[in-house]
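**Q** sequence first, predicted coordinates after that:
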Amino acid sequence: MKKATFQEYTEAKKEIMSGGECKEYASTDEYGRNHKTICCENGEAFWEVTENDVTEFWSTKHPDSRKYEAERELATNVGTNMEEVDYKELAGTCDTKRMTDDEARLFIGEELGFDPLKVKIIHEVEDYYKEGNCLKKWHTYRRDPQYNATDWNYFRFDVCDWQYEYENGTLRFYNN
């Protein structure tokens, strides 16, 4: 699926709606996704499905679906400190080792001094965005412990109810 800008989305919609009088139908499915269909008297149609600020759209003129994601300012010092694109690069490098939970606990014990028996490896992280003075959860990512080098690695773990993220050799608190 191709990514699109908000401007491309509005132009695609406008292109269909220039076909005379149009009717719009909207509904929400059992998963909370918003569906919208626009049917125009010239036979053209535009469809969109929105979930978590991501809108997928297509039309009779452009049947390949495209999607745009609302622009948001990522919040800092909350959620994950590693961007998903960086994690995917680390995980996708041929000499990066995806560690099991047991291997990761031993590594964290040896490298950071935590008792491996008290280390709990966490496989989901979130990022947040700012909306006014509030923080809202934006994305949730699945992450496994990864090790490539002392300055290129990733671990998300808890010890005695304290949340940590070890990213590229830097230990940080994980705040959510």
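**A** Thanks, I have it.

**Q** CA only for contacts and neighbour counts going forward, please
**A** OK.

**Q** okay, which residue is most central for the chain?
**A** His139 (3.8 Å; C-alpha atoms, centre = their mean).

**Q** mind listing what that one touches?
**A** 126-128 (C-alpha atoms under 8 Å, 6 or more residues apart in numbering).

**Q** before we move on, what about Gly109?
**A** 115-116.

**Q** quick one: it is in a helix?
**A** Yes: counting by DSSP: H, G, I helix; E, B strand; the rest coil, Gly109 is part of a helix.

**Q** just give the closest residue to Phe6, not the sequence neighbours.
**A** Excluding the flanking residues, the one nearest Phe6 by C-alpha to C-alpha, 6 or more residues apart in numbering is Tyr68, at 6.2 Å.

**Q** and for Ala70?
**A** Ala70 sits nearest to Asp53 (C-alpha to C-alpha, 6+ apart), 5.6 Å away.

**Q** surely the residue nearest to the centre of the chain is within a helix?
**A** No: residue state for His139 (three-state DSSP) corresponds to strand; a helix is not indicated.

**Q** beta partners of it?
**A** Beta bridges link His139 to Asp127, judged by DSSP bridges.

**Q** let's number from 17 now, not from 1
**A** I'll keep to 17 as the first residue from here, and by that count the last item is His155.

**Q** if I look at it, how far off is Arg88?
**A** 11 Å (C-alpha to C-alpha, to the nearest Å).

**Q** what about Phe171, distance to Tyr180?
**A** Taking C-alpha to C-alpha, one finds Phe171 at 8 Å from Tyr180.

**Q** the two: which is more packed in?
**A** Phe171 (25 against 19; other C-alpha atoms under 10 Å).

**Q** so where do the strands sit in this protein?
**A** 18-19, 38-44, 50-56, 61-67, 70-75, 82-85, 113-114, 135-137, 140-147, 150-158, 162-165, 168-175, 178-183, 186-189 (DSSP state E).
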